[in-house]
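**Student:** Just a sequence and a predicted model for now, questions to come.
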Amino acid sequence: MRIGILSENFTGLSGANDFLKHIIFSMASIADERQIEMYILIKVIEYRQYRGIKRWLNKQREIRRLKKFFKEFKQIKTIIYTQNTPEKAIYKYKLEAVLPYMRLEPLNTMTISYLYDCQHRHLPEFFNEGERTARDDYFQQMVNMHKKIIVNAQTVKDDLINFYQADQAHIFVLPYTPKIDLHFYNDFSKRIKKYNLPKRYFMMSNQFWVHKDHPTAFRAFAEYLKSDPEMEFIFTGAMNDYRRPEYITELQQIIKELKIEKNIRFLGLIPKEEQLQIMKGATAVVQTTLFEGGPGGGSVWDAISLGIPVILSDIKKNKM
């Protein structure tokens with residue numbers, strides 16, 4: 001069977017990239033037994049699609065990394081670059097199924113779609129009216145059009161049924177199976193010497209999005225410091241949220257008011273090898289998230305794979 005892996009929506013964020021790799025790992029593990037040929041479809045990103053050369057170069061770098069990763073799997077026969085839409089490549093290579101498919105346009109081959117989560121329904125205050133409407137329209141069309149949809153948690157399936165009248169027989173929940181590339185178990189300690197890390201620290205490794213709820217982590221840490229004043233807290237992740245451009249300034253003000261500046265370090269968005277090497281030395285990984293598409297989120301998957309303790313918010317999804 002020839003299966004196409006459509007990567008076009010999964011190269012922009014580290015977590016999305018890891019999710020795509022998780023699908024590749026799973027497919028590769030049964031490829032020989034099930035006689036599966038895997039074809040990766042990667043969309044070529046043209047400069048005119050971007051406003052700035054820096055963003056375009058960053059995207060090219062992500063695609064090169066993805067290409068290098070795919071080459072490690074013998075079961076993958078071809079890497080295909082498509083300029084606009086994937087249809088021509090799908091038909092040219094006679095692909096019998098394509099996943100994860102997030103387009104609204106129907107194909108003349110079997111598609112296995114993917115829907116992330118209904119955060120806009122549970123936390124509407126984090127979205128403007130236009131975003132909520134657009135997400136509702138997209139989810140409803142996806143549910144109406146596609147007969148096979150994979151999701152990361154039972155709660156997402158329940159939401160699709162409750163909010164969009166999805167047929168439960170069409171929604172498939174992926175099992176919770178934390179796993180990272182064996183490459184990251186290697187020792188990258190030399191690469192993190194430049195950070196001059198403390199001996200003991202907590203770590204929170206997320207994008208600085210509002211729903212990750214960094215303020216709760218700051219306030220809890222301030223209480224913890226009363227009994228352990230030498231402890232430090234390391235944060236990684238891109239420090240911006242398009243929904244609230246002022247958010248980072250607000251976070252910095254909270255830190256100042258709590259008087260914990262000396263115990264907090266922001267490293268920004270760093271290479272995955274460095275992020276996970278730092279995680280290996282953490283006392284615990286903290287995840288105060290208010291909402292996730294799957295249990296824990298990507299950093300929790302990484303921590304569990306590395307055997308690092310996790311301090312996790314008690315939202316319903318994290319308890320399943």
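**Tutor:** Yes, it's here. Residues are numbered from 1 along each chain as shown.

**Student:** Need the three-state assignment for Phe266.
**Tutor:** Following DSSP: H, G, I helix; E, B strand; the rest coil, Phe266 is assigned to strand.

**Student:** And the spatially closest residue to it that is not a sequence neighbour, how far from Ile260?
**Tutor:** Among residues not flanking Phe266 along the chain, Phe235 sits closest, at 5.0 Å (Cβ to Cβ, 6 or more residues apart in numbering). Every C-beta, even on glycine, is put in place using the N, C-alpha and C of the backbone. With distances taken as Cβ to Cβ, to the nearest Å, Phe235 is found 12 Å from Ile260.

**Student:** Tell me, how many residues neighbour Thr288?
**Tutor:** Counted with other Cβ atoms under 10 Å, residues neighbouring Thr288 total 20.

**Student:** right, I mislabeled it, should have said Asp314
**Tutor:** 6.

**Student:** Ser29: which element?
**Tutor:** Following DSSP states H and E, one finds Ser29 within helix 14-34.

**Student:** for the residue nearest to Phe266, helix, strand, or coil?
**Tutor:** Put simply, Phe235 is strand when judged by three-state DSSP.

**Student:** Bridged to it, which residues?
**Tutor:** Residues in a beta bridge with Phe235, per DSSP bridges, are Met204, Phe266.

**Student:** tell me which helix or strand of the protein sits lowest on mean pLDDT?
**Tutor:** One helix or strand of the chain scores below all others by mean pLDDT, DSSP states H and E: helix 53-70, with a mean of 64.

**Student:** Which helix or strand contains Met38?
**Tutor:** Assigned by DSSP H and E, Met38 falls within strand 37-43.

**Student:** Count residues in the vicinity of the residue nearest to Ile171 when sequence neighbours are not counted, would you?
**Tutor:** Nearest residue to Ile171, sequence neighbours excluded (Cβ to Cβ, 6+ apart): Lys157, at 4.5 Å. Residues near Lys157, counting by other Cβ under 10 Å, number 20.

**Student:** again, but for Leu160
**Tutor:** Count around Leu160 with other Cβ under 10 Å applied: 24.

**Student:** With Val210 instead?
**Tutor:** When neighbours are counted by other Cβ under 10 Å, Val210 registers 18.

**Student:** list the contacts for it?
**Tutor:** Going by Cβ atoms under 8 Å, 6 or more residues apart in numbering, Val210 touches Phe126, Asp241, Arg243, Arg244, Tyr247.

**Student:** Need the residues you listed in a markdown table (columns: secondary structure, neighbour count and pLDDT).
**Tutor:** Output for the contacts of Val210, formatted as a markdown table (DSSP: H, G, I helix; E, B strand; the rest coil; neighbours: other Cβ atoms under 10 Å; pLDDT from 0 to 100):
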| residue | secondary structure | neighbour count | pLDDT |
| --- | --- | --- | --- |
| Phe126 | helix | 18 | 91 |
| Asp241 | coil | 18 | 81 |
| Arg243 | coil | 13 | 80 |
| Arg244 | coil | 14 | 83 |
| Tyr247 | helix | 18 | 91 |
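
**Student:** now stretch 282-300: mean pLDDT?
**Tutor:** Computed over stretch 282-300, the mean pLDDT rounds to 91.

**Student:** So the nearest residue to Asn108 once chain neighbours are set aside versus Leu6, what's the distance?
**Tutor:** With sequence-adjacent residues excluded and distances taken as Cβ to Cβ, 6+ apart, Asn108 is closest to Tyr91, at 7.8 Å. In this view, Tyr91 and Leu6 are 14 Å apart by Cβ to Cβ.

**Student:** Those two: which is more packed in?
**Tutor:** Shown here are Tyr91 and Leu6; by other Cβ under 10 Å, Leu6 has more neighbours (26 against 12).

**Student:** that older thread, pLDDT averaged over the helix holding Ser29, what's the number?
**Tutor:** With pLDDT averaged residue by residue, helix 14-34 scores 79.

**Student:** what angle do that helix and strand 37-43 make?
**Tutor:** 160 degrees (axes from the mean of the first three to the mean of the last three Cα atoms, to 10 degrees).

**Student:** So, low pLDDT: which residues of the stretch 151-300 of the chain?
**Tutor:** Of all residues in the stretch 151-300 of the chain, none has pLDDT under 70.

**Student:** Contact partners for Ala217?
**Tutor:** Residues near Ala217 by Cβ under 8 Å, 6+ apart: Met204, Phe233, Val286, Thr288.
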